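**Q** Quick check, what structure comes out for this input:
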Amino acid sequence: MNTPPITTKRERRKEARPGELLDAALALFVEKGFAATRVEEVAARAGVSKGTLFLYFPSKEDLFKAVVRETIAGRFTEWNEELEAFDGSSAELVRYCMRSWWERIGMTAASGITKLVMSEAGMFPEIAAFYQQEVIGPGHDLLKRVLQRGIDRGEFRPMELEYAIYSLIAPMIFLLMWKHSMAPCCPPSQQIDPVGFIDSQVSLLLHGMLAQPAAPATETPSRTAAP
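**A** Just a heads-up that it's a prediction; the model follows:
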């Protein structure tokens, strides 16, 4: 009778180590920033040696890229699939996108990555370029499709999509920056309810602030003196 090999705790954890390292790296990147985070700290928090970390991620930059792909960039496949399958109105889709983004990114530790990139882009242009390629670019493309869907269906008026997408992005960036800067310092009476804020922004984006839409301006024909 063959006796199954004994698997030690160290061996059982080997396959889980990349995930543990990414979790530890994300926490430290958000807490300390990219520049101040040391790989030794990441390894220690994950409970492995620095050598083990380098087996999976040859450099801190590679580790950061893996964190971004795991927590944010890797979600664009499912988001695009959901856009294709969505059968509600385009206004409902806008609200769904913004709420979904908050639930899947804003409420998680990954929400701190945006602040990190914005704060340290000047010192680490390669990190900024990577984030542009993996997150910002695909995010812009997705939002363009959302707005174009509304235009094509006659639900939204024609607009300059290259700029209109920032009307959707700006409130979300504000929430992230608030969450990781002022929110921990503010009393409860001054805290922002993220879902309420998102709903308010969606309403403003879709309906504006005017009590009723202004009538389109028409050109008054010029009068010429009678001969």
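
**Q** helices or strands up against the longest helix anywhere in the chain?
**A** Taking DSSP state H as the criterion, the chain has its longest helix at helix 161-179. With contacts taken as 3 or more Cβ pairs under 8 Å, 6 or more residues apart in numbering; DSSP states H and E, helix 161-179 sits against helix 90-101, helix 112-120, helix 137-152, helix 194-207. From N, CA and C alone the C-beta is placed, and that goes for glycine too.

**Q** Which among those helices is found nearest to residue 177?
**A** The closest of the helices and strands packed on helix 161-179 to residue 177 is helix 112-120. By Cβ to Cβ, the value is 5.8 Å.

**Q** burial measure for residue 131, as a count.
**A** 23 (other Cβ atoms under 10 Å).

**Q** Let me know the helix or strand that it is in.
**A** helix 125-131 (DSSP states H and E).

**Q** picking that back up, can you check which of the helices and strands packed on helix 161-179 gets nearest to residue 174?
**A** helix 194-207 (8.4 Å).

**Q** The closest one - contacts with which helices or strands?
**A** For helix 194-207, the packing partners by 3+ Cβ pairs under 8 Å, 6+ apart are helix 90-101, helix 161-179.

**Q** Point out the most buried one among those helices.
**A** Each of the helices and strands packed on helix 194-207 was assessed for mean neighbour count using mean count of other Cβ atoms under 10 Å. The highest is helix 90-101, with a mean of 19.

**Q** That one to helix 161-179, inter-axis angle?
**A** Here helix 90-101 runs at an angle of 40 degrees relative to helix 161-179 (axes from the mean of the first three to the mean of the last three Cα atoms, to 10 degrees).

**Q** which other residues reach helix 90-101?
**A** The contact list for helix 90-101, computed with Cβ atoms under 8 Å, 6 or more residues apart in numbering, reads 79, 82-83, 86, 88, 142-143, 146-147, 149-150, 153, 155-156, 168, 171-172, 195, 198-199, 201-202, 205-206.

**Q** Tell me where the model's unsure across this structure.
**A** Low-confidence regions of the chain, defined by pLDDT under 70, span residues 1-16, 213-227.

**Q** at 50 what do you get?
**A** Along the chain, segments meeting pLDDT under 50 span 6-16, 220-227.

**Q** Next, give phi and psi for residue 121.
**A** In terms of degrees, to the nearest 10, the main-chain angles of residue 121 are phi -60, psi -40.

**Q** What separation do you get for it and residue 77?
**A** 26 Å (Cβ to Cβ, to the nearest Å).

**Q** Repeat that for residue 84.
**A** 11 Å.

**Q** again, but for residue 36
**A** Applying Cβ to Cβ to residue 36 and residue 77 gives a distance of 32 Å.

**Q** got it, and residue 99?
**A** Taking Cβ to Cβ, one finds residue 99 at 19 Å from residue 77.

**Q** Next: residue 56.
**A** For residue 56 relative to residue 77 (Cβ to Cβ), the value is 23 Å.

**Q** Can you pick out the residue with more neighbours from these two?
**A** Comparing residue 56 with residue 77 by other Cβ under 10 Å, the one with more neighbours is residue 56, at 14 against 10.

**Q** Mind putting the helices and strands packed on helix 194-207 into CSV with distance to residue 70?
**A** Below are the helices and strands packed on helix 194-207 laid out as CSV (distance: least, Cβ to Cβ, whole Å):
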stretch, distance to residue 70
helix 90-101, 17
helix 161-179, 18
